[in-house]
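Just to be clear, the model below is a prediction. Sequence and coordinates:
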Amino acid sequence: MKKTALITGISGQDGAYLAKFLLDKNYKVIGTDRRSARSVNWRLRRLGIANKIIHEEMELGEIYEIQRVFEKYKINEVYNLAAQSFVGTSFSSPLNTANITGLGTLRILETIRSTNPKIRFYQASSSEMFGDVLEKNQKETTPLNPQSPYAISKVFSHYLTQNYRNSYNLYATSGILFNHESPLRGEEFVTRKIIMGLVGILKNEINSFELGNIYAKRDWGYAKEYVEAMWKMLQMKRPDDYVISTGKTYSIKDFINKATKYLKMNVVWTGKGLNEKLINKDSNKTIIRINPKFFRPAEVNILIGDSKKAQKKLKWKPNTNLDQLIKIMIDDELKFSH
């Protein structure tokens with residue numbers, strides 16, 4: 001019998017890759033989005049699956065909309081990927097972030113509990129929950145110390161998922177995913193912003209661009225591989241929480257250096273602090289500047305994940321290193337940018 005999966009946030013990077021993965025496994029896929037996200041279906045079109053998904057509008061702020069969708073279909077698995085997911089925006093829109101990223105999860109879990117407690121539920125937790133880290137390599141048991149309204153909302157949802165699992169015996173699991181990138185990443189995220197910027201400079205479309213804290217270090221993986229881990233979590237005998245990461249960390253400056261090297265750009269860093277900049281030695285022009293407006297009110301300086309549990313129990317492992325990931329993103333940007 002064909003399984004039916006509901007993906008919230010279908011038009012985001014992870015939603016699109018997960019939908020493709022599940023369709024390839026012969027699932028019936030229902031994708032939901034808030035009304036204002038309708039224009040961002042370019043990812044589904046890029047993957048050639050826009051017409052293979054059943055689309056439903058569903059605001060996570062409205063429980064009756066969630067109930068309507070759950071009553072309309074016989075759902076086996078729910079992947080809750082919808083969120084106000086840009087950390088920077090969560091500082092300027094904390095109420096919306098808490099309502100969607102936090103309370104949205106509660107509305108879904110409550111709907112599952114009251115309509116069909118046999119549904120398997122996946123919650124997209126985030127490495128941002130570790131925040132100002134309390135342990136060098138973050139794993140499932142590392143204390144959480146969130147530093148943004150986004151991360152705090154994710155912590156609420158994470159504990160809620162555990163609570164509904166323990167209190168109501170629901171199959172509810174959380175994947176604590178560290179940063180995962182791809183050509184489908186949103187333009188506001190720093191990896192995509194860097195690659196679009198560098199390609200734009202090479203094509204003489206822009207002269208320069210600005211970044212914030214280039215010394216923040218992140219554990220970066222390939223989103224296409226991370227969605228498989230989500231699916232594997234819902235196929236286990238018992239629900240549990242898993243960290244998904246590469247176990248390697250690089251600064252944003254490292255990312256820029258790897259990207260300029262692949263693009264064969266002749267560049268040099270000069271200056272310090274807010275005056276640090278990247279200069280194109282061929283044109284002697286500044287191509288990257290630091291702008292304090294891109295710094296977060298509370299920074300998360302370093303994240304590095306320990307995914308041994310997932311590797312052992314889920315038989316999942318990351319296969320794409322950062323150099324390969326940058327190559328994938330740049331090649332795609334060169335192919336599809338205007």
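Received it, and whenever you're ready, just let me know what you need. Numbers count the residues shown, from 1 in each chain.

If you count neighbours, what's buried in stretch 266-275?
Residues of stretch 266-275 classed as buried: V267 (neighbour count, 16 or more other CB atoms under 10 Å). (C-beta placed from N, C-alpha, C; glycine too.)

Please disregard the earlier target; I meant stretch 206-216.
208-209, 211-214, 216.

cool, and stretch 291-309?
Counting neighbours by 16+ other CB under 10 Å, stretch 291-309 gives 300, 302-307, 309 as buried.

What's the mean pLDDT across stretch 42-55?
Mean pLDDT, computed over stretch 42-55, is 95.

Stretch 5-23 too?
96.

Alpha carbons of that stretch, as PDB, please.
Output of stretch 5-23 as PDB, limited to C-alpha atoms (Å, rounded to 0.1, in the frame of the first residue of the first chain):
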ATOM      1  CA  ALA A   5       3.500  11.800   3.700                       C
ATOM      2  CA  LEU A   6       2.600  15.400   4.700                       C
ATOM      3  CA  ILE A   7       5.500  17.900   4.400                       C
ATOM      4  CA  THR A   8       5.000  21.300   6.000                       C
ATOM      5  CA  GLY A   9       7.200  24.000   4.400                       C
ATOM      6  CA  ILE A  10       7.300  22.100   1.100                       C
ATOM      7  CA  SER A  11       8.700  25.000  -0.900                       C
ATOM      8  CA  GLY A  12      11.800  25.400   1.200                       C
ATOM      9  CA  GLN A  13      15.200  23.800   0.500                       C
ATOM     10  CA  ASP A  14      14.600  20.700   2.700                       C
ATOM     11  CA  GLY A  15      11.000  20.400   1.800                       C
ATOM     12  CA  ALA A  16      11.800  20.200  -1.900                       C
ATOM     13  CA  TYR A  17      14.600  17.600  -1.500                       C
ATOM     14  CA  LEU A  18      12.600  15.500   0.800                       C
ATOM     15  CA  ALA A  19       9.600  15.600  -1.500                       C
ATOM     16  CA  LYS A  20      11.800  14.300  -4.400                       C
ATOM     17  CA  PHE A  21      13.300  11.600  -2.100                       C
ATOM     18  CA  LEU A  22       9.800  10.400  -1.000                       C
ATOM     19  CA  LEU A  23       8.300  10.500  -4.500                       C
END
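
coming back round to it: export the buried residues of stretch 291-309 to CSV and append columns for pLDDT, secondary structure and distance to Y168.
Shown next, in CSV, are these (pLDDT from 0 to 100; DSSP: H, G, I helix; E, B strand; the rest coil; distance: CB to CB, whole Å):
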residue, pLDDT, secondary structure, distance to Y168
V300, 81, coil, 33
I302, 90, strand, 37
L303, 94, coil, 32
I304, 97, coil, 34
G305, 97, strand, 29
D306, 98, coil, 30
S307, 98, coil, 28
K309, 98, helix, 24
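
Dump those to JSON lines, plus distance to A151.
Converted to JSON lines, the buried residues of stretch 291-309 look like this (distance: CB to CB, whole Å):
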{"residue": "V300", "distance to A151": "8"}
{"residue": "I302", "distance to A151": "15"}
{"residue": "L303", "distance to A151": "11"}
{"residue": "I304", "distance to A151": "16"}
{"residue": "G305", "distance to A151": "15"}
{"residue": "D306", "distance to A151": "19"}
{"residue": "S307", "distance to A151": "19"}
{"residue": "K309", "distance to A151": "21"}
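
Greatest separation within the residues you listed: which pair is it?
Maximum pairwise distance among the buried residues of stretch 291-309 (CB to CB): 22.3 Å, between V300 and K309.

Just to check, P292 is in contact with L211?
No - contact criterion CB atoms under 8 Å: P292 and L211 do not qualify, at 10.7 Å.

what's the burial count for T97?
A total of 25 residues lie near T97 under the criterion other CB atoms under 10 Å.

same deal with Q162?
17.

Which single one of the buried residues of stretch 291-309 is nearest to G271?
For the buried residues of stretch 291-309, the nearest to G271 is I302 (23.0 Å; CB to CB).

how about the closest one, what does it touch?
133, 216-218, 249 (CB atoms under 8 Å, 6 or more residues apart in numbering).

and it, bridged to which residues?
Beta-bridge pairing for I302 (DSSP bridges): K217.

Starting from R192, give me the distance back to it.
21 Å (CB to CB, to the nearest Å).

where do the helices sit along the stretch 151-300 of the chain?
Counting by DSSP state H, counting those that start in this stretch, one finds helices in the stretch 151-300 of the chain at the ranges 190-202, 223-233, 252-262.

between those helices, which gets nearest to I176?
Closest among the helices of the stretch 151-300 of the chain, using CB to CB: helix 223-233, at 10.4 Å.

Show me which residues of that closest one are buried.
Across helix 223-233, burial judged by 16+ other CB under 10 Å covers 223-227, 229-233.

Now distance to S11 and pLDDT too, for the residues you listed, in JSON lines please.
Output for the buried residues of helix 223-233, formatted as JSON lines (distance: CB to CB, whole Å; pLDDT from 0 to 100):
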{"residue": "A223", "distance to S11": "14", "pLDDT": "98"}
{"residue": "K224", "distance to S11": "16", "pLDDT": "98"}
{"residue": "E225", "distance to S11": "20", "pLDDT": "98"}
{"residue": "Y226", "distance to S11": "17", "pLDDT": "98"}
{"residue": "V227", "distance to S11": "14", "pLDDT": "98"}
{"residue": "A229", "distance to S11": "21", "pLDDT": "98"}
{"residue": "M230", "distance to S11": "17", "pLDDT": "98"}
{"residue": "W231", "distance to S11": "19", "pLDDT": "98"}
{"residue": "K232", "distance to S11": "23", "pLDDT": "98"}
{"residue": "M233", "distance to S11": "22", "pLDDT": "98"}
